[in-house]
Every structure is written in structure tokens, then in C-alpha cells.
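Peer 1: any chance you can model this:
(4 chains)
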4 protein chains.
Amino acid sequence: MDFSLPPALDDIRLRTRAFVADHILPLEQDPGARDEHENIAEPALARIRALAKAQGLWSPQVPLALGGMGLPMVGQAAMYEEANRSIFGPVCFNCAAPDDGNMRLLATVGTDAQKARWLAPIVSGEVRSAFAMTEPAPGGGSDPAMIRTKAVRIAGGWRISGRKWYITGAGVAAHIILMARTSDDPRKGLTAFLFHKDQPGWEIVRRIPIMGPEEHGGHCELAFDGLEVSDADVLMGVGDGLKVTQIRLGPARLTHCMRWLGLSKRCLEIAQDYVSQREGFGIRLADRESVQIKLGQAASAIEIGRLLTMKAAWALDNGNHAKTEVSMAKVQVADTLHLCADTAIQLCGAKGYSKDTVLEWIYRYARQARLVDGASEVHAMVLANAYGRHGDGFWSWGRADG
Amino acid sequence: MDFSLPPALDDIRLRTRAFVADHILPLEQDPGARDEHENIAEPALARIRALAKAQGLWSPQVPLALGGMGLPMVGQAAMYEEANRSIFGPVCFNCAAPDDGNMRLLATVGTDAQKARWLAPIVSGEVRSAFAMTEPAPGGGSDPAMIRTKAVRIAGGWRISGRKWYITGAGVAAHIILMARTSDDPRKGLTAFLFHKDQPGWEIVRRIPIMGPEEHGGHCELAFDGLEVSDADVLMGVGDGLKVTQIRLGPARLTHCMRWLGLSKRCLEIAQDYVSQREGFGIRLADRESVQIKLGQAASAIEIGRLLTMKAAWALDNGNHAKTEVSMAKVQVADTLHLCADTAIQLCGAKGYSKDTVLEWIYRYARQARLVDGASEVHAMVLANAYGRHGDGFWSWGRADG
Amino acid sequence: MDFSLPPALDDIRLRTRAFVADHILPLEQDPGARDEHENIAEPALARIRALAKAQGLWSPQVPLALGGMGLPMVGQAAMYEEANRSIFGPVCFNCAAPDDGNMRLLATVGTDAQKARWLAPIVSGEVRSAFAMTEPAPGGGSDPAMIRTKAVRIAGGWRISGRKWYITGAGVAAHIILMARTSDDPRKGLTAFLFHKDQPGWEIVRRIPIMGPEEHGGHCELAFDGLEVSDADVLMGVGDGLKVTQIRLGPARLTHCMRWLGLSKRCLEIAQDYVSQREGFGIRLADRESVQIKLGQAASAIEIGRLLTMKAAWALDNGNHAKTEVSMAKVQVADTLHLCADTAIQLCGAKGYSKDTVLEWIYRYARQARLVDGASEVHAMVLANAYGRHGDGFWSWGRADG
Amino acid sequence: MDFSLPPALDDIRLRTRAFVADHILPLEQDPGARDEHENIAEPALARIRALAKAQGLWSPQVPLALGGMGLPMVGQAAMYEEANRSIFGPVCFNCAAPDDGNMRLLATVGTDAQKARWLAPIVSGEVRSAFAMTEPAPGGGSDPAMIRTKAVRIAGGWRISGRKWYITGAGVAAHIILMARTSDDPRKGLTAFLFHKDQPGWEIVRRIPIMGPEEHGGHCELAFDGLEVSDADVLMGVGDGLKVTQIRLGPARLTHCMRWLGLSKRCLEIAQDYVSQREGFGIRLADRESVQIKLGQAASAIEIGRLLTMKAAWALDNGNHAKTEVSMAKVQVADTLHLCADTAIQLCGAKGYSKDTVLEWIYRYARQARLVDGASEVHAMVLANAYGRHGDGFWSWGRADG
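Peer 2: Down below sits the predicted model:
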């Protein structure tokens, strides 16, 4: 039993922290460094990415042999949290969604040829990527069995038609992973394909406007009408689509938690600064009992989220699927992010509701946390069944999965 | 004991409802009808206001003799709720904040001359108004004792210097009520002044960018440097500023509740439509137990909010200050608005988070509800002391105030 | 729109309040006045009941013609709440469950002969009654379709076998209403029977020990093995059992709410007294912000519960079934009772957890509120469907039911 | 970073688990094995304790050299949780409060002579102990500065007068630690004394009746009127009373958490069994979405509580005071115990509210969790200040305390 971070990982954490403080936080208040979608603008980003890469703080989730830092999940957790003390953080270290999940996936299941062609340019930062699975009604949203995008067999490959939406990053992605139906088999009916944005047969219908600030490339609606993909660009086997999704999803969900913890921490920092100075009715806000209770609850929520996330990361590092652990972390940390942003806004009052701080950016961003990668309600069954999963009780100290 | 609305008021409610459905809701999805601050654009607004005025649905809170509908508070509650089924509703009927509170105030405490000069043009819709009280730190936020804006005696009037912020509607207001310090007396140190935007000695420093959609005229930061106001433009007596604030605040808080209930109802309507159609995992969303529980809780919250609001309105109509009743309504309905917007977004999923519906507009707007007119925490003392206020217990059925 | 109680009803409320203060509250701390099931002992009870009857505070829910006070539901709400400021209150005024629901039912659907034989002695206080419907697994709990107790046709009547449990008051009841299956028809398969405790063919298997203090007669498990009931003792028609249940249940649920509000108010009174005196860390508890917030939330919950209860009572008085209104009240007031007892215990600390006050009595009693008459979860569907029930929206001001 | 339990500790955990299942759980349903205070009766207890001692599952918190198992806090956490799957568990392994905290304290700060005289008989199980600190109003409750019990210097010792209450276990304790005021110094005014029950000058005024089942010896009110204690029986130095309290309190709070987790787990086991079998409205309860959500939330709360408790235990084992960690665990696990008992009762319905299971025992017991060892509100300040405690943020991965 050991809750400490190994020194090598703590060193990375501290270097990431310093990098964020020195190079990224100052950009948040610089209107020129922000694009029209409220994210870091490309020129500033290019400069910061070069710097991060030079310092070896780059692609933490990718094996050393493939050009990344080769961090275990617990190391990623520590680094991601620090990276996300800034709203601009993750993309600067090439660990923003959906690229990080796509890289992890390709590194895990891609063939050598696929790694060379599709993965390497994402790792190096030359291109961005997307993962196109979700469909508008009546297609497949949270239920993959409803996916309607069809891939029809042609000579040497597949011809794909259908519609996707809410595809994060699609507006700037060059390498896209696409999920389509290749048969009606309930377990083996889906297949994952790789294609390049310049291939014909598809288009971006629109960039869907959303409440929150956007990842680079936004959330797009895509139409496929005859996109042709060769057999070499099938990821894993035909019919393995669901498996691809599951392999990608566990760690991807957990990296969301890691990022959200960083943003949560940032919210409390802003609130602490404010209540330490602002007075009302003859008393400093920080000295009010109601303020202390709110801050205490938010601080506890962060600590809890971190423990759940670290436990799940450790379980993944030890070869478990950790489905329960990831679900617990996801549900809790999504709530924590909202709690911390909401608490900080309430404590900062009108200033918190204004755009004078990044709190409102985070508050809007936070609203999607309970929706992405499985609505909180969808995790209920997983968690309800978790109890008694092991022969000797809910949680075996010695084995995370069994 | 009678929970029914008198027929004459119910008729106004139904006509308002029909007007919103026929003339205002269609504009919500028309990009051309929306200005850059996400509110209804002036040309569309002018057309709708003329129509509403022609139908006699205009200035409900102003006495008949002064050109309004002369509705009691309970009638306003019914009409406001219907008006606010649209995000564009209140301003169309000249019952948007802060105009409605300012009109009610001037009709109550203004001299005849003040009514003619300052009130009449707001009632007719010729001009807009603002109420400038809140100051940036270290000035007076929720604590009026901290107000620093100073009025110094000059011949025949006052000379005012200081700074205000978050002044709703100031960007388009012509008639402005300004709170300033005229002495250090803790109870009688503040005085309310009236001035016209074209008077020299003040300026709008900036329109403060906020998370939410804005009322017309935004939330502005104002600097006063020598604004001169004549004695005729002092509202009530010198030293009566706190009294002016209290007279304005009770009903103004309650009209927020009325509007928020309309928006809350609208959120549930959108969610109901969605869950009635969308399916997943082989079941219609509306048939899922978790969905029904969420909708049931939200529907209960609206009913509760309406009862609290109506009780407070009735108490005000019967000559009580109803401070406790208004505080209870304010705290509860602010939470209800968030709950309903949040619930609807969760149920509509990605669509709810997108700008394809008005839900995200309402969600962002809702965040200020727990901040304006007294943070929810500030109402605690009022409510804690409410219990046992009457000789025979917490709430005397026969007397709302005592 | 009128939230005031008519003077005649307010007078009854005040007389009930005074009676409780003068005659019942003093008994709470008298160990000799309490029986082994933590309720008022029979000798003390007999004395108090005679006094209440003499003052005309007796059987409020029964029509004047049948010997009661003939109060409308809104009047009952006011009187019940006051009666239940004491844990011993309701039975003293002959308005304890299940007698009050049984009296209301018999007065509504009984034949004249049935009223004379079965109802009159309950109204006068000569006998007590019970309503035997719930069965142990795998019989009918919250789902009446699962009821297994069978009535078989014999000459001139019915012969009944089966098992019931959790039958409130059965230990002292002389007149019992019994629900049994007379056919397999899903809508018309149940029938209600009346029998006297001295009839052969049944027995009390055990008095089920429970967490909370008990109503007189406890919660019993009953076995039926050949109880014979004549046709004259069928309540309403054969096959009308479900209808009988529904007629009884609406008002019965609401009277729970009325009682729970009285207990809730009592909890706050005890807490207020305590925090007004006790100090810690140099400050009176009543002056702590966290204490004020807790008390304010509890006081709001009571006010909300009272409004929901009164609205439902008024709707019932006006001939509506008020199913939605009753469900909303039941769910909310059950939570309120727990909240108030829990809050008061937390504020009173060790003293609140001890038996030195009635708080712990109420806390244990409160736990059944979310279980009886439909678990809170079961009301979800009712409430979810409430929205949009009327042509013009969730809640029509003019009509409570439609 | 390692979330696994070392094999030696896991072995103890599994042996404890088996012991509970084999020897203690069967006694819960045996009325003869329960005393009038709802705890295990002395004859059964004596038999079980002998068995546990024989298996080496005895006094886990005491060093090997002093006759205990010498477990680190993380090992205690694992064993305590298993021990408390039964409501009778802890005392069987000599790890019930307040004995375990007293043993830990005496082992830590006692002189060799004090260990021989006062500690050894508790470790061996010959005698029980108590810790007398809390006083009735207006004395010292949660605020030790208000302690009024006075010790006056006499030749070779001290003479003590005053009053204590809520002293757990005092009814059966032979060795008692008593806190009294020896001066008015705000930091050094309290001193801890040791005395034997047979010494003259004190008496048990009453055993305070409480809502919940009682530890052996109950919660007593004590009067001191001239108890004389020799200098040899002063624990630590004169004036070190507050220090004694703090040394005892941190680990003692955490052992509450360990026990509460075991009870929480037990509640879920009972609920799982019930919902797996019981049906209603044509569906097994375990298949209802609302049931799954409830169980999932409760299971998550247990996992969270366990992580907080283990983290704090690990920090204590590593020489930190872990004040923040213990506070977080205490607040969260107290809520978890209530949540799990409450959830299980709601799912089991009438059966859950009856005494047919141990749920109601646990529910009543749980209510004191938010009161003992610091009301949840009192921990607020500790937690609010936790954020930013370390130079580089709220929680330093590498160092638990700093």
C-alpha cells in the first residue's frame, strides 16, 4: 500500500506545473492568443508546442519507441492534472482529446504499417485526428447497436455511406477513425476504418455550435456518400468495431477525469484568491463559515476524484480492465468539475459570472462532462453490479479486477 | 382559501400565452431576429412591442392611470410566467428587468413631476432605464454599507463621483436611478438620484462580458466624475436611499421568480418532446424510470416555486412586506431554474448541449439567478429567523405578515 | 386567490393548539403516561379523549350528521398540523391513522346499515379499526395485482384464506376492512370486506417489531383460514376492491402530510430553543452561519410542504382527485419530516441523540414516511406525466384537476 | 503507487472475515445472545472473545510487545472493516471503541508503570476502559476550552470535582481516563488523569438513554466530588491534557471510519439479497433502473470512503498527523454509513423498517456518526484551509503531509 508518486513521475509533474505557470497561464488573459472558438489560437499554440516538445513534455501516453514519453497511466494522471490547470493546457503537450485516445488506440491495436502511416504523424504533431462514431437520431448515440452508417464490400475494400455528428476535432483532423456497420451481427456487426481527410466521398456538413468552448476542430456533423477505404485501412479485424471502441474507451474516459481534476483545482485557486481579499458586512469572505464549508466540500471532492482516478489508473497499469473503477471515477469527477466551477462562481459573485476570469469558460465546458463517454445514468448498471463482484466482497484489496 | 386565478387574470394569462406562441417563439430560431448579445434584435422587437401594446398586453405592473395594466402581483405572476416561455418574452410586454422594477418604484414613490418626466416615457416604451447601485470591490456589492460613490452638496443640488458596475441595461438606458452616499449615517447615509444619460459628468467604461445572454443594454461599468443632479431629481428624501432600495427590491426579486418559472416550464417542454421520441437500448427515453424520476422532480420543483411565488405575491397584494415569503421564493426558484435547464440538457444529451435548442441559452442565463438580488446564502438569516416570527408559530394561516 | 384560512377554521386551529399545549405536551415527559410501545398509555389517553370530545375537537374528518366535525380537507390540514405538535396528538382527537382514513372511507362509500354497524362505534371512540391489504412476499406489497388472499363464494357470503402483514393497528382493532381476491380479473379482481375481530377463522400471528414507535395496535401479521363474511359486509360491490383502495388512499396520504408537518414544526421548535442558549467556541449556536442556513432550509421545507398540502386539500375539497397534487405533497413532506428531525438532532448534538427530547422518537418515526402509501420512487411516474396534463400547460391556475 | 494490501495483512483480513461469518453472524439472529442494550450478551461474548484470542485475532492496534497484533493503521483498516460486517464484531476482537483508542493512547504515551497497571489488563481483556472528557451544558462539549471539571492540588496528587456526560462504556469500565482543568492557561490548562472505578469520590448518575443500540457500558453521566488521584496517575505531564486528546483523537476518528465501512458493506449485502428476489409490477427489483442507481451510488460511496480511510491510514503509518485526511474520511464515511443503511431500508421496504433484519439497528447507530468526534460542520475549517497547504498545491503526490 503506497499512495506516493514515484520520484521520476513527480519530477515530470513538477516540470509540467512549472511549464504551465511560465508559458501557458499568461496566454489565457491575452485576447490575441485566443481563437474565435475560445481555444488557444494556432500561432501561439505552435510556439508553445515546440517549447513543450523541446522539454520532453510531449505525447505522454505514447510508448517511448513510438516517440512519446511512455508514461504509465498513474504518471499520465499526475501530468494531465497539472497540464489542465490551464484551459489551454492539454493540446500544448499533445495530450488533448481526441488525439490522445486515438494515439493510445493505434499504438495498441494498429499494425506496424498502420502505425507508420496513421499514428506517427499524430505523435509528432504534424496532423490531428478524430474518432467518428456517434450518429444523429435515429442513429447510434450512446447505444452502438443503433449505428446506421454502412460499409459495403467492394473489390479490395469497402464503400461507406451514412451520417455522423458531434465528431470532436473533425474540423481540423487529417486522420480519422470511422465506425461503420459491416453486418447485422449483434456482437460482430461493426468495423473500424481509417481514412484521410483528403479522400473523396465525404464532407463536413456543419460545425455544430455548442454552449461551451471548443476543442480545436469543434464538434462536426459529417456526411458519407461513397467514401472508399482499402482493406489495409481496416483497424483490427472486420467485425471488431465494438472491441476497438471498448479498448479505446476505458483509458479515454479516465483521461477526461485527469483533465477535469486540473480544471477543478484551478477553480478553487481562483476562488481562494478572491475570498482571501473580498469583504462584506464587516468580515472577510474567507472567514465566513458558509464559505469555508463550500470550499471544504469542493476540496474534498477533488481529493476523492483524485483517489478514484489514481486507483483506476493503477488498475489499468496492472492489466485490469477496471471498468467499475473507471465508471466510478467518471461519474464522480464529472460532478466535481461542475461543483468546483459552480462554487467558485458563487463565491466570486458577479466577477465569477463575468468573463473577467476563466471560471465561466470552465463552467460551460463542465456541462458536457456528464454527457460525454456515457451519461452518468448509463454507468448505474455497471456500478450496481460491482458490489459482490469478487468472491470475497466488493473490493478486494489484493486484486483490483480479478 | 382559494388557489384559483380570478377569471379576468386567467384571461390575460391565456392571451399572453397565445401571443407568445404566435408571435415570439417563431423568432427564437430566426438568426436574423437575434442581436449580437443573444437577445431579440431591435427591429424585430419594435414590431412585436407595437403588437403587444395594441393588444393591451403592456406594462402590467403600472397602474391603469399611468398607462399600464394595473395588475396585482398575483396577476403579474400569471402573466410573467407565460411571457417567459420565450427567452425573448419579457421585453416584448415591457416587463423586463430592470425597467419593470424601476417603473414600479417610480409609480410608488415618485412625485407627480417625477412621474411625468421620468416614468411616463418608460411606460410608453420610448426610453429604457437602469438602476445603478452595485460597485466593484472594495465598494458596495451585496452590502450597501460599503457604497463609496459620493454625492457632495452644491447649490440647488448634488455633485456625484464614484464608480458602479454590473449595471443592467445601462448600455441603452436613458433614465437612470443612481444610489450615492450623502452622509456617513449608517441608516440614512444613502440617497437615490435620477439623471438622464445625456447629462455630462459620467461615462460607460465598458460593457462587462458575461457568461450568459444579456438583457438589452448589457451589464456595464460606469464612472462618475462630477455628475450634477438638481434637488428636484432626488427620489424620496435625502437619506432615504436604503428605503428606496428596499421598496424596489421585494417586488423586483419576486418578478425574477415569475420569469424564471416561465423559463423552467419551457425547459421541461423541450425535454418532454425529446424523450417522447428518442430511443436507446430498445426503449423510448420517456419510458425509462430514471427519466421519469428526473422529470417528476423538475415538475414538482416548478409547482413548488409557483406556490411560493403566488403566496408571496398575494401577501404583497395584501399590504405585507412579505420579506420571508420573497426570500423563500427567490432561493427556491433560482435553484429550480437551474434544475430544469440542467435536467433538460441531460435528457436531450448532445443536442441539449448544442445551440440547436434554447436550453443552453437558458442554462447560462440561469447561473446568475443564485447571485442577483442577494446570493442564496445571504437569505439564510432571514429564513432562520422566520420560524416563530408570529406569536403562534412559523406561519399563521390567517395573516401572512403580522 | 386567497391563502388565508377562514376565521371559523382558524379558530379550530387555535383551540387545538391550546389543547395540545395544555393537556398533551405535559404528558410527553411523564414516563407513566407512555406504554411499552412508546405511545400514550390507555388510561391517560382515555382521560384526554374525553376532554377533547367535550371541547368538540373530535373526529374532524367525519360529517356533522355522523357525529364528527365535518371539516373540509383544508380545515383538517390546519387542525391535524396543530394536533401533531405532540407525538401523542392525533389519537387524542380521534384523527390517528388508520382510523381516520377508515372513517372517511366508510362515511363515503358505506351503506346506511354499514355506517350504523361499522362506522358509528369508531366515530364515537368505542372501538378502533384496521385496513388489511398489504401482504408478505411473494404476495401483494405496493403492487395490488400480486394480492393472494382469496375469498371463495359460499352461500350468502364468502370464505377467506391468506396472509397479511404490516397491518397498522390490528392489535387493538375491532372493526377490520379486508382486501381479498374474488377473481382473476386484472381490474375487478379484488373485493373489500368488513369483519369483526371476534369472528372466527383468523388470528394475529405476531406484532412485527419495528424501528419506530408504534401506533396503538402496532403493525401485525395476520393469518386467515376460513373467515366467513356475509354479503351484507361487502364494501361497495364485488370486484370494487381497487376502487375502494383508491378512494381511501388519496385523502389518507394527505392526512399523513398534515401530521408530518406538525411533527416537523415541533422539531424546529426544540432546535430553536437549544441553539438560542447553547454556546461553543465563544459564540451562541444561533448566531453561527451554518446553523442559520440549516434552520432556514428546514423552515422553507415546512412552508413548502404546507403549501403543497393545502393546495391538494383545496383541490380535494373542490371535487378533484388531485392525484398529482397528493403525490407531490407526499414525496416532499416525507423528506421534510426527516430533514427537520435530522437537522434538530444535529443542532442539539448528544442531547438530540439521547431520549432527553422527543427528537429521536420523531426521527425513527420519520423513517417510515418514505415507505408508507407508496415509496417515493413509485410516485415518479405520476409526477413525470403530470407535466402537460392540461391543455394549456402543467398547472392551470383556474382548475386544479381538469 | 500501490493500492494492494500486503499478503500478510490480506491474510488477516480473510481470517477475520471467515471468523465473522462462522462465529458472529449466526449470533445476530439469536435473541438469547443479545443483551437489553441490543449488544452481544456477556456470556456469548466471553466465549467468542476466547476463540478470537486463540486464533490470534486480538487487540490489532496494540504493539506485539504489549500483547497485541501490532498492525499498522492500513492493516487495522482492513481488519476492522471485516470485523464490522457484524453489528457485534468489534468487541469480539477487542477493537471496539473506546477501548481501542484508550489502548493505543496508553501504549503511545504511558510510562512503563502505567502500561503495566492500566494498559495490560485492557489488552488482555480482563477489564474495560472509558475516556471521560465531554461535559453537559454549560460545560465543554465540542469546545475543550469550556471544560469545567476541576482538579485541585493536594499533597502527592489532585482532588477532582465536576460533571461529565455521554461517557461511552463508563457503565462497565474499570480503568478510566479523565480530563480535568488544572489551570486557566488556554493551551496548557487541561490534564489527563487515570483512575480505577473502585476509587471513592465519584459516581455514575445515570445511563443516558439514546436512540441507538449501545456499546457495552452505555453512555453515562458521571459526577465527581472529591475523587483523589496520585501524581503517578497523571498521563503525560500536568497541562498536557489537550495534547493527550489530540494524540488519541486522530487515529480514534479513523477507526470509526473503518468500522462504519464494514457496517455499510453489510447493509448493501442485505439489500442485494432482497432485491435479487423480490418482485413488483412484473419486474424483479434488482432490474429496476432506480434500484440500480441507488445501489451504484451506495457502492461508490463505500469505495470512496475506503480510499479516503486507507489514504489517511497510510499517512498516519508514515508519521504524518494527517489531520486533513482524517477529517475528509470522517465526514464522508459518516454520510456513507447513513446512505447505505437508508438505501437498504428503502429497498427492503417494510421488512427493512422492521426488526427482521439488522438494518434498523445500523440505521439508528449511524445517526451518531455525524455527531461523535467533531460534528461534520466542525471539520469545515480544517478542510477549507487544506487547499494550498503545500507549496505546490492541494495534494502533493509525493508527500502526504509536508
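Peer 1: so which helix or strand takes in A:Lys311?
Peer 2: helix A:289-317 (DSSP states H and E).
Peer 1: that helix packs against which elements?
Peer 2: helix A:73-83, helix A:241-277, helix A:323-348, helix C:289-317, helix D:289-317, helix D:323-353, helix D:380-386 (3 or more Cβ pairs under 8 Å, 6 or more residues apart in numbering or on different chains; DSSP states H and E). For glycine as for every other residue, the C-beta is placed from the backbone atoms N, C-alpha and C.
Peer 1: so which of the ones you listed is nearest A:Leu371?
Peer 2: A:Leu371 lies closest, by Cβ to Cβ, to one member of the helices and strands packed on helix A:289-317: helix A:323-348, at 8.6 Å.
Peer 1: the closest one and chain C in contact?
Peer 2: No. For helix A:323-348, no contact with chain C is found by Cβ under 8 Å from any Cβ of the partner chain; the gap never falls below 13.4 Å.
Peer 1: could you check the angle helix D:289-317 makes with that helix?
Peer 2: Between helix A:323-348 and helix D:289-317, the angle formed by their directions is 80 degrees, by axes from the mean of the first three to the mean of the last three Cα atoms, to 10 degrees.
Peer 1: list the helices and strands helix A:323-348 packs on?
Peer 2: Using 3+ Cβ pairs under 8 Å, 6+ apart: helix A:323-348 touches helix A:241-277, helix A:289-317, helix A:350-353, helix A:359-366, helix A:380-386, helix D:289-317.
Peer 1: how many neighbouring residues does whatever residue of the stretch 151-300 of chain A ends up closest to chain D have?
Peer 2: At 3.0 Å from chain D, A:Gly296 is the closest residue in the stretch 151-300 of chain A, using Cβ to the nearest Cβ. A:Gly296: 25 surrounding residues under other Cβ atoms under 10 Å in any protein chain shown.
Peer 1: again with A:Ala50
Peer 2: Neighbours of A:Ala50 (other Cβ under 10 Å): 12.
Peer 1: now do the one 5 residues further on
Peer 2: Counted by other Cβ under 10 Å, the residues lying close to A:Gln55 total 14.
Peer 1: circling back to that earlier point, my guess is the residue of the stretch 151-300 of chain A closest to chain D contacts D:Ser376, does it?
Peer 2: No. Applying Cβ atoms under 8 Å, one finds A:Gly296 not in contact with D:Ser376, separated by 9.8 Å.
Peer 1: got a list of what the residue of the stretch 151-300 of chain A closest to chain D touches?
Peer 2: D:His379, D:Ala380, D:Met381, D:Val382, D:Leu383, D:Ala384, D:Ala386 (Cβ atoms under 8 Å, 6 or more residues apart in numbering or on different chains).
Peer 1: top of the residues you listed by neighbour count?
Peer 2: Going by other Cβ under 10 Å, D:His379 tops the contacts of A:Gly296 with 24 neighbours.
Peer 1: do I have it right that A:Arg370 meets A:Gln332?
Peer 2: No. When contacts are counted by Cβ under 8 Å, A:Arg370 is not listed as touching A:Gln332 (11.0 Å).
Peer 1: and those two? Which one has more around it.
Peer 2: Neighbour count, other Cβ under 10 Å: between A:Arg370 and A:Gln332, A:Gln332 has more, with 23 against 20.
Peer 1: give me every residue that touches that one.
Peer 2: With contact set as Cβ under 8 Å, 6+ apart, A:Gln332 has these partners: A:Ala301, A:Ile304, A:Gly305, A:Leu308, D:Ser300, D:Ile304.
Peer 1: just the buried residues of those.
Peer 2: Among the contacts of A:Gln332, those classed as buried by 16 or more other Cβ atoms under 10 Å in any protein chain shown are A:Ala301, A:Ile304, A:Gly305, A:Leu308, D:Ser300, D:Ile304.
Peer 1: ok, back up a step: residues in contact with the residue lying closest to the residue of the stretch 151-300 of chain A closest to chain D once chain neighbours are set aside?
Peer 2: In space, and not counting its chain neighbours, A:Gly296 is closest to D:Leu383: 3.0 Å by Cβ to Cβ, 6 or more residues apart in numbering or on different chains. Contact partners of D:Leu383, counting by Cβ under 8 Å, 6+ apart, are A:Gln292, A:Leu295, A:Gly296, A:Gln297, A:Ala299, A:Ser300, D:Thr324, D:Ser327, D:Met328, D:Val331.
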